[in-house]
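Participant: No sequence on hand, only this structure:
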């Protein structure tokens, strides 16, 4: 095997030098891997400390969170903020307002109002399916409801405005 190396211009000293360079590189890489493993162990320790802190914070704040939830539940029972009854249906006055709008607009916009009252916020595809109409018709429906000032648009979602 020494013969081909000599024919290519390599000497045994070149080979030993190349081996030494490679051994040094391997040693350097092993050292770097050890450093990275130590850093990983330290990072895991820090993460464990943070997770314990979050759990402790959750444990301490949980009673306050549940108490505030109960307070807001009681407030909603006294005066619902969106004019809906305890079952989520619009109150009688709000239902009458929507009924008047459905009679005024008629057809597909009335069906869209019913769908939005029943399902809440929906995107155009969901509204199209709920109303049972073509894609172009949804554009017309949304335009009519928007012109009447009856809807909110939020990132591709459509919902009815609150009536008070």
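Facilitator: Everything's here; your move. Computed from a predicted model, the values in this text were never measured in an experiment.
Participant: Can you report how many residues lie near residue 141?
Facilitator: The burial metric for residue 141, expressed as a neighbour count using other Cβ atoms under 10 Å, is 26. Heads up, the C-betas are built off the backbone N, CA and C, glycines and all.
Participant: now do the one 10 residues further on
Facilitator: Residue 151 has 20 neighbours, counted by other Cβ under 10 Å.
Participant: what's the distance between it and residue 145?
Facilitator: Residue 151 sits at a distance of 5 Å from residue 145 (criterion: Cβ to Cβ, to the nearest Å).
Participant: Now do the shared contacts for these two.
Facilitator: When Cβ atoms under 8 Å, 6 or more residues apart in numbering defines a contact, the residues bordering residue 151 and residue 145 alike are residue 158.
Participant: pLDDT wise, what is the spatially most central residue of the chain at?
Facilitator: The chain has residue 155 as the residue nearest its centroid, 13.0 Å off, counting by Cα atoms, centre = their mean. The predicted local distance difference test score for residue 155 is 83.
Participant: ditto for the one 3 residues further on
Facilitator: At residue 158 the predicted local distance difference test score is 83.
Participant: That one touches residue 141, doesn't it?
Facilitator: No - with contact taken as Cβ atoms under 8 Å, residue 158 and residue 141 are classed as non-touching, separated by 9.3 Å.
Participant: okay, and the common contacts of the two?
Facilitator: A shared contact of residue 158 and residue 141, defined by Cβ under 8 Å, 6+ apart, is any residue touching both; here these are residue 127.
Participant: Quick check: what element follows the strand or helix carrying residue 67 along the chain?
Facilitator: Residue 67 is part of helix 12-78, with elements assigned from DSSP states H and E. Counting by DSSP H and E, the next helix or strand C-terminal to helix 12-78 is helix 92-105.
Participant: Give the ranges of residues in the protein that sit below the confidence cut-off.
Facilitator: 1-14, 72-92, 164 (pLDDT under 70).
Participant: The same query, at a cut-off of 50, please.
Facilitator: Judged against pLDDT under 50, the low-scoring parts of the chain cover residues 1-2, 80-81, 83, 86-87.
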